[in-house]
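Novice: below is the structure, and that's it, no one-letter string:
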Ligand code: LLP
């Protein structure tokens, strides 16, 4: 459920009309709903805590999905932790008020500088993804004088996800270590007095719309916990990653958080570990939209109709990068039969096509449209390609809204660059 609905014939976010935001802030603009973010977090948390066998799992929101400070602060107030993958994300989580004890640091290529920063900040856990990283972490831990809690990220060899580019659990992917390798690395970590080996982690992909691969992966992780314990090691934590898919309005209803939690309880319930989950998309995707303006509609003699928007692939890259589908809704739908459009942006490549042959209510120049489900992996993946300024982000709460990232001026953009002294 989300809080983007038609009110008096026009699309609104909670009690604020998207047209009013577009007037005040300009387009394109990302708009996020606080009530939806909060609801998604609470539904996910309540689904898990309904199962006593799961204990009280940590929910480390995957910051990469939407890392705006106000989005993070909204979730921080509900008790969310953070799954981070760079020094920048750790800094964001801390700045938003997420305490270091609730921050997890993952990723296949953490630099020594980043690891040192994380240890000094006192993050809860480092998810180690390879043997070279374990060695690097030992060195950094000794230098910094902190004994970090370490979990080994395992690749359970169960791939899943909405697109090949976002599947991470197959053995050919760069993420984590094999099961055999995991046992060896765990032993290494357990016997290294610079480190505190506490458990295991996995994450098999994103936009997963079927519980079966998650269930298989969780089962592999459960068996590994039991095998390590049989070897005499203590395993206290199990981080099961993110990945639960959402509705993009063209796919079958994904499994509910409740069904996900029931599955988790049946596979890892009662294992006597502190569980953690790293949801990103399921919290943020349907809590945000991208609002764009139609610059003009251009009809070819062959009948092909292009709706050319002021938003482009640099603002929302998911369609170009993953052939992703985003529902597109006119903000104030005009009456009349639906018309087929190719919806495109102004960037100079054919890849800058959001969709082809989409049936939409009739559009005219200056109309506003909203790309739905753009709250996750939207603004965070944007760029300044074609020297287009990063677009603003707006957070709505009830009948109030605030610009939570401002659109930079062209002067600001250009001032970051200098002429080399010989020019
Ligand atoms: N934990 C780890 C270790 C991850 O790599 C990810 C996402 C998550 C958690 C959160 O997964 P989620 O719950 O959001 O599925 N840019 C792509 C998605 C990339 C996901 C990367 N990893 C997209 O736009 O679809």
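Specialist: That came through, no problem. Keep in mind that this is a model prediction, so the values were computed, not measured. Numbering: from 1, shown residues only.

Novice: residues in contact with residue 26?
Specialist: Contacts for residue 26 (Cβ atoms under 8 Å, 6 or more residues apart in numbering) come out as 392, 407. To be clear about C-beta, it is placed using only N, CA and C from the backbone, and glycine gets the same treatment.

Novice: can we start the residue count at 212 from this point?
Specialist: Okay, using 212 as the starting number, the last item reads as residue 237.

Novice: tell me the pLDDT at it?
Specialist: Per-residue pLDDT puts residue 237 at 98.

Novice: how near is it to residue 459?
Specialist: Taking Cβ to Cβ, to the nearest Å as the measure, residue 237 and residue 459 are separated by 26 Å.

Novice: could you do residue 215 as well?
Specialist: Relative to residue 459, residue 215 is positioned 14 Å away (Cβ to Cβ).

Novice: ok, residue 599 next?
Specialist: Distance of residue 599 to residue 459, given as Cβ to Cβ: 25 Å.

Novice: picking up where we left off before, identify the contacts common to residue 215 and residue 459.
Specialist: Common neighbours of residue 215 and residue 459 (criterion: Cβ under 8 Å, 6+ apart): residue 583.

Novice: grab the nearest non-local neighbour of residue 473.
Specialist: In this structure, residue 473 finds its nearest non-sequential neighbour in residue 262, 7.1 Å apart by Cβ to Cβ, 6 or more residues apart in numbering.

Novice: neighbours of the one you found, how many?
Specialist: If you count neighbours by other Cβ atoms under 10 Å, residue 262 ends up with 17.

Novice: tell me the confidence at it?
Specialist: 98.

Novice: now do the contacts for it.
Specialist: By Cβ under 8 Å, 6+ apart, residue 262 lies in contact with 472, 473, 475, 476, 480.

Novice: kindly confirm my reading that the third one forms part of a helix.
Specialist: Yes: using DSSP: H, G, I helix; E, B strand; the rest coil, the assignment for residue 475 is a helix.

Novice: per-domain residue ranges of the protein.
Specialist: According to automatic domain parsing, the chain comprises the domains 215-243+496-626, 245-492.

Novice: how far does the longest one stretch from one end to the other?
Specialist: Same thing as domain 245-492. Start-to-end span of domain 245-492 (Cα to Cα, to the nearest Å) is 15 Å.

Novice: how about stretch 513-527?
Specialist: 29 Å.

Novice: quick check: residues of this structure near the ligand?
Specialist: 273, 275-276, 294, 317, 377, 379, 414, 417-418, 452-455, 489-493, 529, 533, 588 (Cβ under 6 Å from any ligand atom).

Novice: which members of the residues you listed occur in helices, if any?
Specialist: When DSSP state H defines the helices, the subset of the residues of the chain next to the ligand inside them is 492, 493, 529, 533.

Novice: closest to residue 508 out of those residues?
Specialist: The shortest approach to residue 508 among these belongs to residue 529, at 23.4 Å (Cβ to Cβ).

Novice: next, the contact list for the closest one, please.
Specialist: 535, 537, 585, 588, 589, 592.

Novice: show me the contacts for the residue of the stretch 312-461 of the chain found nearest the ligand.
Specialist: The nearest approach of the stretch 312-461 of the chain to the ligand comes at residue 453, 2.6 Å away (Cβ to the nearest ligand atom). The neighbours of residue 453, taking Cβ under 8 Å, 6+ apart as the test, are 273, 294, 414, 417, 488, 489, 490, 491, 492, 493.

Novice: for the nearest residue to the first one once chain neighbours are set aside, give me the pLDDT.
Specialist: Using Cβ to Cβ, 6+ apart and skipping residues adjacent in sequence, the residue nearest residue 273 is residue 491, 3.0 Å away. Reading off the confidence values, residue 491 has pLDDT 98.

Novice: if I pick residue 491, what's in contact with it?
Specialist: Contacts of residue 491 by Cβ under 8 Å, 6+ apart are 272, 273, 274, 275, 276, 277, 294, 417, 453, 587, 588.

Novice: if we use 6 Å, what do you get?
Specialist: Residues in contact with residue 491 (Cβ atoms under 6 Å, 6 or more residues apart in numbering) are 273, 276, 453, 587.

Novice: highest neighbour count among those residues?
Specialist: Counting neighbours by other Cβ under 10 Å, residue 273 leads the contacts of residue 491 with 29 neighbours.

Novice: wait, that residue sits on residue 293?
Specialist: No: with contact defined as Cβ atoms under 6 Å, residue 273 does not count as touching residue 293 (8.1 Å).

Novice: quick one: the strands in the stretch 212-361 of the chain?
Specialist: Assigned by DSSP state E, counting those that start in this stretch, the strands in the stretch 212-361 of the chain fall at 215-218, 221-224, 227-228, 240-244, 269-273, 292-295, 314-316, 336-339, 360-364.

Novice: most tightly packed of those?
Specialist: Ranked by mean neighbour count under mean count of other Cβ atoms under 10 Å, those are led by strand 292-295, which reaches a mean of 30.

Novice: quick one: contacts of it?
Specialist: Applying Cβ under 6 Å, 6+ apart, the external contacts of strand 292-295 come out as 269, 271-274, 301, 304, 309, 313-316, 489.

Novice: let me see the confidence value for residue 380.
Specialist: Note for residue 380: predicted pLDDT of 69.

Novice: the longest helix belonging to the chain packs against which elements?
Specialist: Identified as the longest helix of the chain according to DSSP H is helix 422-441. Secondary-structure packing of helix 422-441 (3 or more Cβ pairs under 6 Å, 6 or more residues apart in numbering; DSSP states H and E): helix 468-479.

Novice: how much space between residue 400 and residue 355?
Specialist: Residue 400 is 17 Å from residue 355, by Cβ to Cβ.

Novice: which of those two has more residues huddled nearby?
Specialist: residue 400 (21 against 16).

Novice: the helix or strand the more buried one falls within versus strand 360-364: what angle between them?
Specialist: Using DSSP states H and E, residue 400 maps to helix 390-401. Relative orientation of helix 390-401 and strand 360-364, computed by axes from the mean of the first three to the mean of the last three Cα atoms, to 10 degrees: 170 degrees.

Novice: residues touching helix 390-401, excluding its own?
Specialist: Here helix 390-401 makes contact (Cβ under 6 Å, 6+ apart) with 345, 361, 363, 365, 388, 406, 408, 439, 444.
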